[in-house]
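[1] model the structure of this input:
(one chain, ligands or ions: 1)
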Amino acid sequence: MNFRKKTGVSWGCDPRSIENGTLLQDWLTNEGLAKQKLVLDRVESGGRGLVATQSLRQGERLLFVPSKFLISADSEWGCAETGKIIKEAGLPEWPTLAIFLISEASRGTTSPWFPYFVTLPKTPSSILQWTEDEVNIWLTASPVREKALECIRDVTETYRDLRATIFSKHPDVFPSQVYTLEAFKWAFGILFSRLVRLPSLGKLALVPWADMLNHSPQVDAFLDFDQSNGKSVVFVTDRAYQPGEQVFISYGKRPSGELLLAYGFIPSEFNAHDYVELEMGLDNEDPSYDAKLTALEEHGLSSYPPHLI
Ligand SMILES: C[S@@+](CC[C@H](N)C(=O)[O-])C[C@H]1O[C@@H](n2cnc3c(N)ncnc32)[C@H](O)[C@@H]1O
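    Now for the predicted structure:
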């Protein structure tokens, strides 16, 4: 299940479109991406995804996206002036990356990342595209409702702070018609749904091409950076695939509510990482209080201190 709405950015593509996929693949290949055993295609789970072009065995290393394609908080800014202001402001990683995305995407064909930006969804599947009313209606009684509202408010507040402290002071560098709340929510939606922490590199990065892989709660394959072999982003298949089958990675062992918050979808298949938090208490007047407490503790559960019940 996916949740998407219209936003106001003028770049990117229809989230299901693979029309720009060839542009992305040609750009990556011309710039040094090794021949792939995967191709971008329309898929059942996830709209677009990477599909095996040949038989893949379990334990096969795939992708090999060179480090030069990665977008991280220390990537070189196409607009040096924007980069200078943001670096001097000492912003954290996420707003830095969000502004980087808007800055580069708004440069159109003059950005070296153009072939990547045209494949990014114009409307990322993200909770940030929902209004507070929609969250309240669609997530009534859901344990993630409060977190969703908090997330929308945090991003909106961060945008307002940046507008007051940075954008309004440099209107020529951050034109108000480009650095809109919609653009900021687009950028954060892209980051929520595509940014990965590469453990061996120790940083967050957008990895063009690798970010076309969809998630399955049933696979155990994670993106990482291979320091030894050509310094590139790879993953190792945890099962075999037939030609034409969609290849999945794991976005982490996350419950469906967390996937909805970060990535805007709920997996259609069984998710063993789902759980429901149940709050229970023991009545300290209960004659079996001690026996029940011991039984709870034996099963790794705790009880609130009796005086709180
Ligand atoms: C890293 S991107 C993967 C590529 C994406 N499908 C695309 O076309 O750009 C993450 C997004 O893919 C979609 N997605 C990933 N796994 C999915 C799944 N199992 N079911 C439905 N949508 C999924 C969600 O929209 C998510 O925000």
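[2] in the helix or strand encompassing residue 290, which residues are buried?
    For residue 290, the host element (DSSP states H and E) is helix 289-298. Residues of helix 289-298 classed as buried: residue 293 (neighbour count, 16 or more other CB atoms under 10 Å). Just so you know, the C-beta spots here come from the backbone N, C-alpha and C atoms, and that holds for glycine as well.
[3] go on, stretch 234-252?
    Neighbour counts using 16+ other CB under 10 Å place 234-235, 237-239, 241, 246-251 of stretch 234-252 among the buried residues.
[4] over to the residue nearest the centre of the chain. Which of the three states is it?
    In the chain, the residue lying closest to the centroid (CA atoms, centre = their mean) is residue 193, at 2.2 Å. In three-state terms, and counting by DSSP: H, G, I helix; E, B strand; the rest coil, residue 193 is helix.
[5] tell me which residues touch it, please.
    124-126, 262-264 (CB atoms under 8 Å, 6 or more residues apart in numbering).
[6] ok, and of these, which contact the ligand?
    Residues shared between the contacts of residue 193 and the neighbourhood of the ligand are 125, 263-264 [CB under 6 Å from any ligand atom].
[7] just the buried subset of those residues, please.
    So, by 16+ other CB under 10 Å, the buried ones in those are 125, 263-264.
[8] how about those in CSV, adding pLDDT?
    Formatted as CSV, these follow (pLDDT from 0 to 100):
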residue, pLDDT
125, 89
263, 95
264, 94
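[9] pick the one among those residues closest to residue 221.
    residue 263 (16.6 Å; CB to CB).
[10] please flag which of the contacts of residue 193 sit within helices.
    Among these, the members found in helices (DSSP state H) are 262-263.
[11] could you list the low-pLDDT ranges of this structure?
    1-8, 229, 302-309 (pLDDT under 70).
[12] longest helix anywhere in it?
    The chain, longest helix under DSSP H: helix 145-165.
[13] what residues does it touch?
    Helix 145-165 has contacts (CB under 8 Å, 6+ apart) with 89, 91, 95, 99, 127-128, 130, 132, 135-136, 139, 179, 181, 184-185, 188, 257, 260-261.
[14] which parts of the stretch 151-300 of the chain are strands?
    Under the criterion DSSP state E, counting those that start in this stretch, the stretch 151-300 of the chain contains strands at 196-198, 203-205, 214-215, 224-226, 232-236, 248-249.
[15] tally of neighbours for residue 167?
    Applying other CB atoms under 10 Å, we find 21 residues neighbouring residue 167.
[16] ok, it - contacts?
    174, 176, 179.
[17] just name the closest of these to the ligand, please.
    residue 179 (23.4 Å; CB to the nearest ligand atom).
[18] the protein - how does it break down into domains?
    21-263, 278-309 (automatic domain parsing).
[19] now render the buried residues of stretch 234-252 as CSV, adding distance to residue 222.
    Converted to CSV, those look like this (distance: CB to CB, whole Å):
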residue, distance to residue 222
234, 10
235, 6
237, 11
238, 9
239, 14
241, 17
246, 17
247, 13
248, 11
249, 6
250, 6
251, 9
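[20] with respect to residue 274, which of the strands of the stretch 151-300 of the chain lies nearest?
    Comparing these by CB to CB, strand 214-215 comes nearest, at 14.0 Å.
[21] contacting residues around the closest one?
    43, 45-46, 49-50, 246, 248-251, 259, 263, 267.
[22] and the two most separated of those residues?
    Longest span within the contacts of strand 214-215, CB to CB: 50 and 259, 18.6 Å.
[23] those two: who's more crowded?
    The neighbour count for residue 50 versus residue 259, taken as other CB under 10 Å, is higher for residue 50 (25 against 22).
[24] element containing that one, please.
    strand 47-52.
[25] quick one: name whatever helix or strand follows that strand.
    Counting by DSSP H and E, what follows strand 47-52 is strand 61-66.
[26] is that next one in proximity to the ligand?
    No. Against the ligand, strand 61-66 shows no contacts by CB under 6 Å from any ligand atom, the least distance being 13.1 Å.
[27] residues in contact with the following helix or strand past that strand: which ones?
    Later in the chain than strand 61-66, the nearest helix or strand by DSSP H and E is helix 80-89. For helix 80-89, contacts defined as CB under 8 Å, 6+ apart pick out 76-77, 96, 99-100, 103, 165-166, 170, 173-174.
[28] helix 145-165 and helix 80-89, what's the angle between them?
    In terms of direction (axes from the mean of the first three to the mean of the last three CA atoms, to 10 degrees), helix 80-89 departs from helix 145-165 by 110 degrees.
[29] got the buried residues for stretch 35-43?
    Within stretch 35-43, the residues that count as buried by 16+ other CB under 10 Å are 36-38, 40, 43.
[30] got those residues as a markdown table, with distance to the ligand columns?
    Formatted as a markdown table, these follow (distance: CB to the nearest ligand atom, whole Å):
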| residue | distance to the ligand |
| --- | --- |
| 36 | 15 |
| 37 | 18 |
| 38 | 12 |
| 40 | 8 |
| 43 | 8 |
